[in-house]
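Visitor: quick one: sequence and predicted model below, then my questions.
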Amino acid sequence: MPEDFKIRTRPLFSLPEEILKLPPPPKTSKVRSKATTAPRKRSSVMQSFTAMRKAREEFRAKLMKLICQSAPGEDSDAIPSGDEKNMLRYYYYIRYGIDTIHVAPLDNKIILRVHSLIPLKLKKWKETLFSSTDEMREDFMMSMKKAIVDFVLKDPSTEESLQEEETPLMQELAKKDDAWRNRYILAQKYNTKNLHTVNPCIAQVLQIWWKQFNDLRLISMKDIMMTHEAYELQDFSFVCKRHIDAAGNVLTLQWIPTVQAVFLQLFSHRSFVHYCLSLCEVNNSHGIGSPVIGLHKHDESLLENLRSATLAFADHGSKKKQIPDVKQASRVKRFYNCLAAIMTYNLQTLCLKSMKEYTEYIMDVGGMNQGFIINLSFQNEAIGFEPSFKQFREQLCLLYDFLIDACRQTPRLETILYQDFDVTSRSTLKPIIDSELVDKYKKSIADLIDEQRIGPELRIQDFDNYVCLLNGESLDEVEAFIYADPEKTFEEFCAESIKYVELAREIPSKLEGTIVIGMFMMQRGDLINSLRGAATRLANMVLRKMTDDYQTMVKNIYDEYSHIANTLLTPPPDTAALMDLIAYYKKVEETMLDEMEDKLRTVMKYIIFLGDYTSFTPLEVKANNQTFHWYARMPSVIEESKAICDQKKIEYQDLLKVRIAKFIEDLDMYELQCNEVQYWGDINELPKYVSRARHLDEKLSNALVKIDQFNEEETSFGWELSQYPKRKAVYDRLVPFKKLFDAGYDFLQKHSNWMQSKVGSFDPEEIEGDVSYYYKIVYKLEKSFQDVPDTHQLAVSVREKMDDFKTHMPIIQTLGNPGMKLRHWEKVSEIVGFPIVVDEELSLAKVIDFNLDDYIEKFEGISEAATKENNLEKALDKMMKEWADLKFEILSYKDTGTYILSSVDEIQLLLDDHIVKTQTMKNSPYIKPFEETIHDWEGKLILLQEILDEWLKVQATWMYLEPIFSSPDIQQQIPEEGRRFSAVDKMWREIMKAAATEPRVLDVIMIEKMLDRLKKSNNLLEMVQRGLNAYLEKKRLYFPRFFFLSNDELLEILSETKDPMR
């Protein structure tokens, strides 16, 4: 126990210390001689003590007489008895007879010591604590009074036995001799020399810790509790870390320097000695400090003087011998190890107490533990806690590691005292903390959190009805509602928006923002605000949709009003527009104004509803005002439109009369132009006639349109419809002339093209058809123009040209055949007897000029053969063009890294059809000019058919066997078939790789030896299949139940030999 807590007292009636002291020895012989001769006088101090003792005995006798005297007439057998009354008087005197001023009160340090032993969770009962303290003071006071009275009443003549109690040890020592005392003294000296725990310096280190740092804690729970409110986890961790850092600073900056000062008081006068000796001993390897070499050899005399002075100075410091000499390295090492053990124990005690108090604080839910703030938040589509309970466990348990680390940062004292100390082991103090204890504390906190989390998690159910606002369900519902088809009604929109507005008002009233459950203070305000904000946003979405809808309606109504007004106030450009405008304003008056008014009523419902829940922007208010102002302006707009119509009606009636008069004059002019047509008879002027006739015809067509317009306007004004028969008469007279001009002009144009173009450029049949068509028209018109000489002469001239051309039709049909090739013209040259050069200059007119009509019969055979050959050549070219861009569809096959053919049905059908066509063409008698080409083409098609058949066969077999032989077990059981399949697989992959690179059909058949490789692959695959079937039959014979399985099922079983139970 520390010295401060020891109560130092002395007996009340003991002799003074002055009497017990021995007299001082005489200083000289003269004084000694006087003392022997002079008579001894009695000491005045002894006399005063004797008188005082006598007075006290008298006081004791009177006090006994006072306490024990009996009252007059007292009966000894009465109840209470005399002894009992004496006892009552005794305690009554103790309580009331001794003044408390003469009794020392209970020391406050002892009271504080008692209070420090009380757990913090019990100190909250303040009244009980104060009453218990008062009782303790009262009991102490009574004990002191009783001791005083007992001491006063004790008879001084009674001597107490000072003989020690007879113990087994005393009995054993009595039987022994005195030799044990020597051994005891030797042992005592050895322990005094080597047992460092009794060293005064170490005792003083312990005293320092006990007096100054015993109440130190790494985390001050008193300061933690001073806030009287719950902590955020991060704030709590920060405060605890700050406390730990502050406690570490106390240890580093206060405790270590204080302990260091104790040693420096004894060590300061020796440090100079150690330094001087280190200069003298160059190669000293046993001291604490390393040697310092700072002098030269010529200073040996100075070193010797320094050594002598140092030893003389060190003689004084070594008298106390509290610290081992630095030369005794082993003793110094043991001494500082002992000191390190004591200091480590202090740090260990500090760490254990800190962890214990920290754990008690956390575990005392509702008491010392003021709780932790935990926030509710919406994360990952669910409501969660922030920070999470896992973070609580990790952060609170992590503080234990910080506590332990803080106690392991203190350096050993010798590393501070000796700056050049050779550190051979640890340089810091490492208190050992039982890991099981730490794990126990951590587990208790984890269990507490797991227990305390139940309440907050249950209270999440309060938000079950509202979580849809945050997880997107309500948003999806609102979006589906807004964009529903058919669109929702106004009443449904009102109900939907009111629902979310009321929900936003309901959430704060039904849900508490802060709830204390156990050690957690749930802060739900942010989540409630989020829910309220979500409900408000959803309500605003519906209201925004309603606002947009009604604003769209307002804009449309405004645009409709503007369109109506613009239409009504726009002057009509003509009579039709005037009639439309009159009908329009009548429609506006009768129906449209009522419809617009109904639309305004609908808009007004929106405005009235939205006014209770939203605020209109200035632009919206302006749009509303402008729209509703149109409603008041429309009657005046209609009246203004009527005035415009009346004015324009008079104007257009006058204009119509003028236009009709002008049109009659135009008809007279058309009649004069038509009369001039009968005098056009020069065939050379035919292009001019055609142009003028077509222009006049166009005018007459436009005149018909004008007549319809005039009649329409007359109907609008209520006039009688006017008739114009002259226009029809002029048109009917012009039609036959124009028809003749058109037919003659078209024939002459085409005649020129036929005759000037290269022979064979036009189909003779088309030429014959055109000539027949124009001839019929001209022939009929020639008869109808008998009475018109000029026109009749023109018709005769055109007909004669046609007759002249028709005489050359046999030559045109034979030598003008487009199928005529150079070889055919060579035969023609042989027939006519002179060479005919076929080039671009050989026109149909030149051929006719050859006068080859006598050879027509011979030319017919040549022309017919040319036509047949030309048809065959066209058919062959068409087939080749169809195959030119045709490609195979090649697809990747699973994870094999190769490809397969797909969708070859269309190719096979086309191939079969073209093979038949090619063989038919090959048997034609007209195929000889390109017989080599047709044979080559037939060979390609047949090769393609063979390749395709072998290809598909290999593909089907390969696709069946590939998954089988991909199993190593099957390859091991039938290795020969496995090698054959590997060879086929290699060829297959090469072929498919080449086909995938260039998938065109005609390019694929050009792959080198493709047909031979496919046939070889088919032969190998047949051998593989036979070997595989024999292998399966062998397995069925060994295990007859396999007969009930198909080949595929049996192969699947056999391929799993490594894992039969799969």
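Guide: Looks like it arrived, so ask away. Numbers count the residues shown, from 1 in each chain.
Visitor: contacts and neighbour counts: CA atoms only from here.
Guide: OK.
Visitor: which stretches of the stretch 801-950 of the chain form strands?
Guide: 889-892, 899-902 (DSSP state E, counting those that start in this stretch).
Visitor: run the chain-centre distance for the last one.
Guide: Per C-alpha atoms, centre = their mean, to the nearest Å, the displacement of strand 899-902 from the mean C-alpha position of its chain is 42 Å.
Visitor: and the helix or strand harbouring S509, what other elements does it pack with?
Guide: For S509, the element it lies in under DSSP states H and E is helix 490-510. If you count contacts as 3 or more C-alpha pairs under 8 Å, 6 or more residues apart in numbering; DSSP states H and E, helix 490-510 packs onto helix 525-569.
Visitor: same question for the next helix or strand after the helix holding S509: list its buried residues.
Guide: Per DSSP H and E, helix 490-510 leads on to strand 514-517 as the next helix or strand towards the C-terminus. Neighbour-count burial for strand 514-517, counted by 16 or more other C-alpha atoms under 10 Å, picks out I515, V516, I517.
Visitor: go on, stretch 898-905?
Guide: Across stretch 898-905, burial judged by 16+ other C-alpha under 10 Å covers T898, Y899, I900, L901.
Visitor: hmm, the first one is touching R989, no?
Guide: Looking back up the chat, that one is T898. Yes: using C-alpha atoms under 8 Å, T898 is in contact with R989, at 5.9 Å.
Visitor: which stretches of the protein form strands?
Guide: In the chain, the segments counted as strands under DSSP state E are 231-232, 372-379, 382-386, 514-517, 520-523, 889-892, 899-902.
Visitor: now render those strands as TSV, adding distance to Q395.
Guide: Listed next are the strands of the chain as TSV, based on distance: least, C-alpha to C-alpha, whole Å:
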stretch	distance to Q395
strand 231-232	12
strand 372-379	12
strand 382-386	13
strand 514-517	20
strand 520-523	15
strand 889-892	55
strand 899-902	59
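Visitor: how about TSV for those, with mean pLDDT added?
Guide: Output for the strands of the chain, formatted as TSV (pLDDT from 0 to 100):
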stretch	mean pLDDT
strand 231-232	90
strand 372-379	88
strand 382-386	85
strand 514-517	88
strand 520-523	89
strand 889-892	86
strand 899-902	86
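Visitor: tell me the centre residue of this protein?
Guide: N380 (9.7 Å; C-alpha atoms, centre = their mean).
Visitor: quick check: phi and psi on it?
Guide: Backbone geometry at N380, expressed as degrees, to the nearest 10, gives phi 50, psi 50.
Visitor: separation between it and V828?
Guide: Distance from N380 to V828, counting by C-alpha to C-alpha, to the nearest Å: 94 Å.
Visitor: same question, G861
Guide: G861 is 11 Å from V828, where distance means C-alpha to C-alpha.
Visitor: more neighbours, the two?
Guide: The neighbour comparison of G861 against V828 (other C-alpha atoms under 10 Å) goes to V828, with 20 against 12.
Visitor: and the pLDDT for that one?
Guide: Looking at V828, its pLDDT reads 78.
Visitor: ok, for it, nearest residue in space, not its chain neighbours?
Guide: Of all residues not flanking V828 in the chain, F859 sits nearest, at 7.0 Å (C-alpha to C-alpha, 6 or more residues apart in numbering).
Visitor: ditto for Q908
Guide: Q945 (7.8 Å).
Visitor: what about N465, distance to L475?
Guide: Counting by C-alpha to C-alpha, the gap from N465 to L475 is 15 Å.
Visitor: do K488 as well
Guide: Distance, K488 to L475, using C-alpha to C-alpha: 17 Å.
Visitor: which of these two has more neighbours?
Guide: More crowded of K488 and L475, by other C-alpha under 10 Å: L475, with 18 against 12.
Visitor: I'd say the more buried one and F481 touch.
Guide: No: the pair L475 / F481 is not scored as a contact, 9.6 Å apart, by C-alpha under 8 Å.
Visitor: quick check: E962 vs P105, distance?
Guide: Counting by C-alpha to C-alpha - E962 and P105 are separated by 106 Å.
Visitor: what is the nearest of the buried residues of strand 514-517 to C397?
Guide: When the buried residues of strand 514-517 are ranked by distance to C397 (C-alpha to C-alpha), I517 comes first, at 21.3 Å.
Visitor: and K85, how many neighbours?
Guide: K85 sits with 15 neighbouring residues when counted by other C-alpha under 10 Å.
Visitor: against I118, how distant is it?
Guide: For K85, the distance to I118 - C-alpha to C-alpha - is 41 Å.
Visitor: in stretch 520-537, what counts as buried?
Guide: 520-525, 527-528, 530-532, 534-537.
Visitor: which outside residues touch that stretch?
Guide: 230, 371-378, 452, 456, 466-467, 469-470, 500-501, 503-505, 507-508, 511-516 (C-alpha atoms under 8 Å, 6 or more residues apart in numbering).
Visitor: for ChimeraX, what selects the buried ones among the residues you listed?
Guide: A single ChimeraX command is used to select the members of the contacts of stretch 520-537 judged buried by 16+ other C-alpha under 10 Å:
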select :230,371,372,373,374,375,376,377,378,452,456,466,467,469,470,500,501,503,504,507,515,516
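Visitor: what sits against the nearest residue to E869 once chain neighbours are set aside?
Guide: Once flanking residues are discounted, E869 sits nearest to Y926: 5.6 Å by C-alpha to C-alpha, 6+ apart. Y926 sits next to A865, K868, E869, L872 when contact means C-alpha under 8 Å, 6+ apart.
Visitor: which of the residues you listed has the weakest pLDDT?
Guide: By pLDDT, A865 ranks lowest within these, coming in at 72.
Visitor: packing partners of the longest helix anywhere in the chain?
Guide: In the chain, assigned by DSSP state H, the helix with the most residues is helix 618-676. The helices and strands touching helix 618-676, judged by 3+ C-alpha pairs under 8 Å, 6+ apart, are helix 525-569, helix 575-587, helix 686-717, helix 725-756.
Visitor: where does pLDDT dip in the stretch 51-200 of the chain?
Guide: By pLDDT under 70, the low-scoring segments of the stretch 51-200 of the chain are 52-53, 56-57, 59-80, 82, 102, 155-166, 173-178.
Visitor: which stretches of it form helices?
Guide: Secondary structure of the stretch 51-200 of the chain by DSSP state H, counting those that start in this stretch: the helices cover 82-96, 108-116, 126-153, 168-175, 179-194, 200-208.
Visitor: then the stretch 251-400 of the chain?
Guide: Taking DSSP H, counting those that start in this stretch as the test, the helices found in the stretch 251-400 of the chain are 256-280, 300-317, 329-363, 389-406.
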